[in-house]
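structure, please.
(chains A and B)
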Amino acid sequence: MRDFSIERIHVLKLETRDFGQVEIDETRVITMPAGMPGFPGVARFAILEREETRPFLWYQCVDDSDLAFVIMNPKLFEPGYSVDLAAALKEMSWRDDNEEDLVVYVIVNASEGVPEKITANLIGPIVINPRKKEAAQMVITGSPYSHKQPVFQSQT
Amino acid sequence: MLVLTRKVDECINIGDHVVIKVISIDGMQVKLGIDAPGNVRVLRQEVYEKIRDENISSVRGETGAFVRAAGLFKMASPLLKKRE
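Next comes the predicted model:
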């Protein structure tokens, strides 16, 4: 007979900013050893996905239910975007991992409240190592990209 | 704050692995060389502050704006930039 109680141990009840309480598998928790600039003391996040908000994903903080970033795949609006992942491997001491194992997201900003005017921070991407379940916000210098890159083309 | 006086070509060691060298001084501008391991992040302060401030600004986004932006993504792909 299968003991379902053992599986339940791995379910984390997560309080979220925008979706109430959500149950996630504990293995989906991502740790940011260097934290997030501007938010000292928080290190653990989980990616939440909702059909109605795709391609945007919620990067919900596990340590602070009121803290959530919205992230997306930058290639969806900037196909040529790339990050120096060799530097990311080095900075994070991810020695046994390859560049192609890493996943890159950018933080989306809708603080103007107008969907057409949302911007993405292309100089501070979140690089995730799914195998290690670790992530870091990289800082890109000397690139043509902006911290407020429009996601949609100008409407004018 | 520890304040040290250095001449051109002199260095400051921080811990065992970080060395900062004064390369040249030109009026109000100082050129520094920094040797640090790959896992030590070295940034101009204003770059760090830009990332930090943008992070703080980003969490203020109202959820409704993202739901509507997701709608724009789905129905209006010509809105998307095509740089390649």
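
helix, strand or coil: sort out B:I20 for me.
With DSSP: H, G, I helix; E, B strand; the rest coil as the basis, the three-state label of B:I20 is strand.

what parts of chain B come near chain A?
With the criterion set to C-beta under 8 Å from any C-beta of the partner chain, chain B comes near chain A through B:38-39, B:41, B:43-44, B:47-48, B:50-63, B:65-74, B:79-84. Using the backbone N, CA and C atoms, a C-beta is placed for each residue, glycine as well.

so in chain A, which strand runs the longest?
strand A:119-129 (DSSP state E).

so what does the following helix or strand past that one touch, helix or strand wise?
Sequence-wise, the next helix or strand downstream of strand A:119-129 (DSSP states H and E) is strand A:134-137. Under the contact definition 3 or more C-beta pairs under 8 Å, 6 or more residues apart in numbering or on different chains; DSSP states H and E, strand A:134-137 sits against strand A:30-31, strand A:119-129.

hmm, who's touching strand A:134-137?
A:30-34, A:36-37, A:45, A:88, A:91-92, A:94, A:124-129, B:51, B:55 (C-beta atoms under 8 Å, 6 or more residues apart in numbering or on different chains).

A:D84 and A:E100: what is the separation?
14 Å (C-beta to C-beta, to the nearest Å).

give me the common contacts of these two.
By C-beta under 8 Å, 6+ apart, no residue touches both A:D84 and A:E100.

ok, these two, which is more surrounded?
A:D84 (14 against 7; other C-beta atoms under 10 Å in any protein chain shown).

which residues sit in contact with the more buried one?
A:138, A:140.

give the contact list for residue 47.
Because you didn't say which chain, this covers chain A. A:28, A:30, A:57-60, A:71.

correction: the question concerned chain B.
A:123, A:139, A:141.

how much space separates the second one from A:V114?
Separation of A:V139 from A:V114 (C-beta to C-beta): 27 Å.

now do the strands in the chain.
I went with chain A, as the question did not name one. Counting by DSSP E, the strands of chain A are A:11-15, A:21-25, A:30-31, A:44-48, A:57-61, A:68-72, A:103-109, A:119-129, A:134-137, A:149-150.

let me rephrase: I mean chain B.
B:11-14, B:18-26, B:29-35.

where does the prediction get shaky in chain A?
A:1-9, A:154-156 (pLDDT under 70).

redo that, cut-off 80
For chain A, residues meeting the criterion pLDDT under 80 lie at A:1-9, A:153-156.
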